[in-house]
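Asker: need a structure here:
(chains A and B)
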Amino acid sequence: MESSEQDIVTRIIKDATEEAELIVKNAKKSAELLLEKQRQSGQDDAQKHVNIILKRAHNEAEIIQGKTNSDIRRQASWSILSEKNRLIQNVIDAAKSRLIEMEKTSKYLQFLEKLTVEAGSVLGGGNLTIHLSEKDSKMRLDFSKLSKEIIKKTGAKTKLALSNEHILTPGVFVRKVEDKIFVDNTFEAILKRQQKQLKPKIAKILFATMET
Amino acid sequence: MLNSFKAVLEKEREAENIVNNARKKAQKIETDVQEKAQLVYKQAYEETIKQAKREAIALKECAKKDAESNSQRFVENAEKMKKKILTSAKQNFDAAVNSVLEEILS
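Answerer: Below you'll find the model as predicted:
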């Protein structure tokens, strides 16, 4: 083969190879573009859904924030309130102990009589049975004097009788025989009855020196 | 001369084959990419949603942590308040007990 013919043959193969490479290169490029376009399209189409998800998350985050805030504030307030109640209850318990201690003093008989008259008056007089603790039963309550005081307060004929049934705590339990009604003036019952009105008063005194 | 002509003809056929093969390869690339395109779309869509969900969870966790951190001062104030309450109660304990007794005995 002559040199010029050889050049033509070489040229034919070289051109074909270059054309082939270009065809494949273009196909690959188109493929990459198509994939990129699809990727972008997928992201764009998802964006609407993404906006909904994030908007909902923002709303929920606000709710969580509000709820967490109010939960913590409520817990903090509750712990203060609980501490106050504990201290108020301590005062009531101490008062109860002091009342029980009073049993040993001379003032006790006087107080017991006062409680009896009070109870008898509330019951409107009549035939009243007086229940005392076993120990208090041995004290000499002047029933005659007490009856007169109740009559003076109620205007009703009154007779007091000591019951054989004993109560377990200091104070007095008075029962009206006719109506089967009673007044419980034991220390425990008095404190329990008055707790609701005592608590604010105790709080006022107990926390008076608190800095605000 | 004839031999030269034959040689050129043969190379032209060879060249034609090279180009045809390239076209077939390009055709295959095109077919394959059509199949892959749907998958790529689906993956991109799902990954975007997943990412948003991750962001949403992080956002809510962050909000909770922020709120807890901000509310910490309420807890601290409550503790201070409890100490004051306790101090005041110790100072006024006897007066409060006496007040209760007075109320009951009077």
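Asker: Please count neighbours and contacts with C-alpha atoms only from this point.
Answerer: OK.
Asker: I'd like to know how many residues surround residue 67.
Answerer: Just so you know, I chose chain A. Using other CA atoms under 10 Å in any protein chain shown, A:Lys67 is surrounded by 14 other residues.
Asker: nope, chain B please
Answerer: Number of residues near B:Ala67 (other CA under 10 Å) recorded here: 21.
Asker: Please report the distance of it from B:Lys60.
Answerer: Computed as CA to CA, to the nearest Å, the B:Ala67 to B:Lys60 distance reads 11 Å.
Asker: B:Gln72 too?
Answerer: 18 Å.
Asker: Pull out the buried residues from the worst-scoring helix or strand of chain A on mean pLDDT.
Answerer: Every helix and strand in chain A was compared by mean pLDDT, DSSP states H and E; the lowest is helix A:134-137, with a mean of 90. Neighbour-count burial for helix A:134-137 flags A:136-137 (criterion: 16 or more other CA atoms under 10 Å in any protein chain shown).
Asker: before we move on, what about stretch A:28-48?
Answerer: A:28, A:30-31, A:34-35, A:38-43, A:46-47.
Asker: Tell me which of the residues you listed fall in helices.
Answerer: Of the buried residues of stretch A:28-48, the ones assigned to helices by DSSP state H are A:28, A:30-31, A:34-35, A:38-43, A:46-47.
Asker: which residues of chain A fall in strands?
Answerer: Along chain A, the segments classed as strands by DSSP state E run A:126-131, A:158-162, A:171-176, A:181-186.
Asker: To chain B, which of those lies closest?
Answerer: strand A:181-186 (10.7 Å; CA to the nearest CA).
Asker: Give me the contact list for that closest one.
Answerer: The contact list for strand A:181-186, computed with CA atoms under 8 Å, 6 or more residues apart in numbering or on different chains, reads A:115-116, A:119-120, A:122-123, A:169-176, A:190.
Asker: residue nearest the centroid of the chain?
Answerer: Chain wasn't specified; assuming chain A. Centroid check for chain A by CA atoms, centre = their mean gives A:Trp78 as the closest residue, at 6.2 Å.
Asker: Correction: the question concerned chain B.
Answerer: B:Arg54 (2.3 Å).
Asker: element containing that one?
Answerer: Per DSSP states H and E: B:Arg54 is located in helix B:2-105.
Asker: Tell me the spacing between A:Asn26 and B:Asn21.
Answerer: Note on A:Asn26: its distance to B:Asn21, by CA to CA, is 14 Å.
Asker: Also A:Asp142?
Answerer: In this view, A:Asp142 and B:Asn21 are 131 Å apart by CA to CA.
Asker: Of those two, which one has the most company?
Answerer: Per other CA under 10 Å, whichever of A:Asp142 and B:Asn21 has more neighbours is B:Asn21, with 15 against 11.
Asker: ok now do that one, which residues does it touch?
Answerer: Taking CA under 8 Å, 6+ apart as the criterion, B:Asn21 is in contact with A:Ala20.
Asker: one more time with 7 Å
Answerer: With contacts defined as CA atoms under 7 Å, 6 or more residues apart in numbering or on different chains, B:Asn21 has no neighbours.
Asker: Just the pLDDT for it.
Answerer: pLDDT, B:Asn21: 97.
Asker: Over to A:Glu2?
Answerer: Note on A:Glu2: pLDDT of 66.
Asker: ok, now the one 3 residues further on?
Answerer: Reading off the confidence values, A:Glu5 has pLDDT 76.
Asker: so how far is chain B from it?
Answerer: Counting by CA to the nearest CA, to the nearest Å, the gap from A:Glu5 to chain B is 7 Å.
Asker: What residue, apart from its backbone neighbours, is nearest A:Leu87 spatially?
Answerer: Leaving aside its chain neighbours, A:Leu87 sits nearest to B:Ala89 (7.0 Å; criterion: CA to CA, 6 or more residues apart in numbering or on different chains).
Asker: Measure how buried that neighbour is and give me the count.
Answerer: As a burial measure, B:Ala89 scores 26 neighbours (other CA under 10 Å).
Asker: Many thanks, I have nothing further to ask.
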